[in-house]
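*Asks:* after the sequence you'll find the predicted model.
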Amino acid sequence: MAPQARSAGAPGPYRWKDFLSLHEDDLRELIDGHLLELEVPTKIHEWIVTILVTMLTNWALPRSAGLALVSGYKVRIRHDRGVMPDVQFFRRGGRPLPDQGLHRGAPDLAVEVVSPSSKRWDRVVKLEWYGAIGTNEYWIVDPTERTLERYLRGHDGALQLASQHANDERFAPDTFPELEIELARLWTMPEV
């Protein structure tokens, strides 16, 4: 779903500093000077985010390879645009990360878990934005279609579709040697 406007208390336009000052529970993103409410995450959305962050963290820790973060860490696109990828990964050896949000640069990996109403937003708009700030890799996970699309930075700097995976395939990206994600784990939540 395209984000929906919600009152912020003061009239906009809003900028990066306004976005950083939002309460940590505020899920709005900064879109062209407006603070817009994101769709409330579903149970399957949160499950997929949890599994991906766990797997990336379990891969990274023994290798001292980097840091995986969940939704909430802000990434600046430009002065009037800021987003919070569902999952982000920062490789070791980059610049130190500020506590509140990434003012310059990009995550090495950004992941968005789409809902039926946010497909265009994640597949077109955010794909372009992550490419523009220098993100090297972008995964789009669609629980309804049971797919994972992997985009990599091309020679022209844009993110380009590198591979598509579906259903119960094993996803083993070469940029994360020895990481294997059985996609069936993403679609299957334990009973509670």
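*Replies:* That came through fine.

*Asks:* low-confidence stretches in the protein?
*Replies:* 1-11 (pLDDT under 70).

*Asks:* give the buried residues for stretch 130-150.
*Replies:* The neighbour-count check on stretch 130-150 (16 or more other CB atoms under 10 Å) flags 130-131, 133, 135-143, 146-150 as buried. To be clear about C-beta, it is placed using only N, CA and C from the backbone, and glycine gets the same treatment.

*Asks:* inside helices: which ones of those residues?
*Replies:* Among those, the residues falling in helices (DSSP state H) are Tyr130, Gly131, Ile133.

*Asks:* out of the residues you listed, flag the one nearest to Leu161.
*Replies:* Distance to Leu161, by CB to CB, is smallest for Gly131 among those, at 11.8 Å.

*Asks:* quick one, what contacts the nearest residue to that closest one once chain neighbours are set aside?
*Replies:* The shortest distance from Gly131 to any non-neighbouring residue, by CB to CB, 6 or more residues apart in numbering, is to Leu159 (4.0 Å). Contacts for Leu159 (CB atoms under 8 Å, 6 or more residues apart in numbering) come out as Leu127, Tyr130, Gly131, Thr135, Glu137, Tyr138, Tyr151, Leu152, Arg153.

*Asks:* which strand residues bridge Leu159?
*Replies:* For Leu159, the beta-bridge partners under DSSP bridges are Arg153.
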